[in-house]
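1. Here is a sequence together with a model predicted from it:
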Amino acid sequence: MADNYLERRMEELRSGRLAIKKAIPGIKPKARRILMAGGCHGIAREKALEYRKSGCRVAIFDSDEVVGKQLAHDHGIRFHRVNLEDESAVSNEMLSLLSTWRGVDIIVGGKDICNILYKKIIDWKESLPIADKSDIEIVIISEVHQS
């Protein structure tokens with residue numbers, strides 16, 4: 001019975017009956033998961049587009065729904081409308097993102113919001129099995145405004 005298993009599988013592959021799983025276009029299988037806090041404008045927006053062009057998964061937390069939805073539509077960026085000053089709203093959106101992505105690799109944003117997001121991720125990771133606990137890199141970008 002098992003004697004010709006490989007031969008049958010090769011024949012199925014050649015005939016097209018055996019499908020090979022294909023990756024999602026534009027997303028590398030082990031792509032980094034980037035969370036941009038307040039990424040709809042300025043330097044953060046440019047970084048988000050740069051990350052996306054390099055094949056990373058990018059999510060933006062911002063209150064500007066019009067620009068956020070446009071970024072999501074045009075560039076495949078995941079947009080979450082959230083008031084970054086409301087810690088409970090940020091925590092809820094973070095849990096939603098974590099349940100979808102199963103983690104975040106890099107957080108980009110201001111110092112205060114990065115600390116809130118990092119604490120939420122650490123709390124979430126505490127409930128995971130030991131094998132799923134990995135380090136998170138936090139990148140802090142602050143924009144300088146000239147008058």
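-> Received it, and whenever you're ready, just let me know what you need.

2. what residue is smack in the middle of this protein?
-> Centroid check for the chain by C-alpha atoms, centre = their mean gives Arg33 as the closest residue, at 3.5 Å.

3. For that one, list the residues it contacts.
-> Applying C-beta atoms under 8 Å, 6 or more residues apart in numbering to Arg33 gives the contacts Cys56, Arg57, Ala59, Trp101, Gly103, Val104, Asp105, Ile106. Every C-beta, even on glycine, is put in place using the N, C-alpha and C of the backbone.

4. Buried ones among these?
-> Cys56, Arg57, Ala59, Val104, Asp105, Ile106 (16 or more other C-beta atoms under 10 Å).

5. re the thing from before, let me have the contacts of Arg33 in JSON lines, extended by pLDDT and secondary structure.
-> Listed next are these as JSON lines, based on pLDDT from 0 to 100; DSSP: H, G, I helix; E, B strand; the rest coil:
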{"residue": "Cys56", "pLDDT": "91", "secondary structure": "coil"}
{"residue": "Arg57", "pLDDT": "92", "secondary structure": "strand"}
{"residue": "Ala59", "pLDDT": "94", "secondary structure": "strand"}
{"residue": "Trp101", "pLDDT": "86", "secondary structure": "helix"}
{"residue": "Gly103", "pLDDT": "81", "secondary structure": "coil"}
{"residue": "Val104", "pLDDT": "84", "secondary structure": "coil"}
{"residue": "Asp105", "pLDDT": "83", "secondary structure": "coil"}
{"residue": "Ile106", "pLDDT": "85", "secondary structure": "strand"}
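
6. Buried residues, stretch 109-123. List them.
-> Across stretch 109-123, burial judged by 16+ other C-beta under 10 Å covers Gly109, Ile113, Cys114, Ile116, Leu117, Lys120, Ile121.
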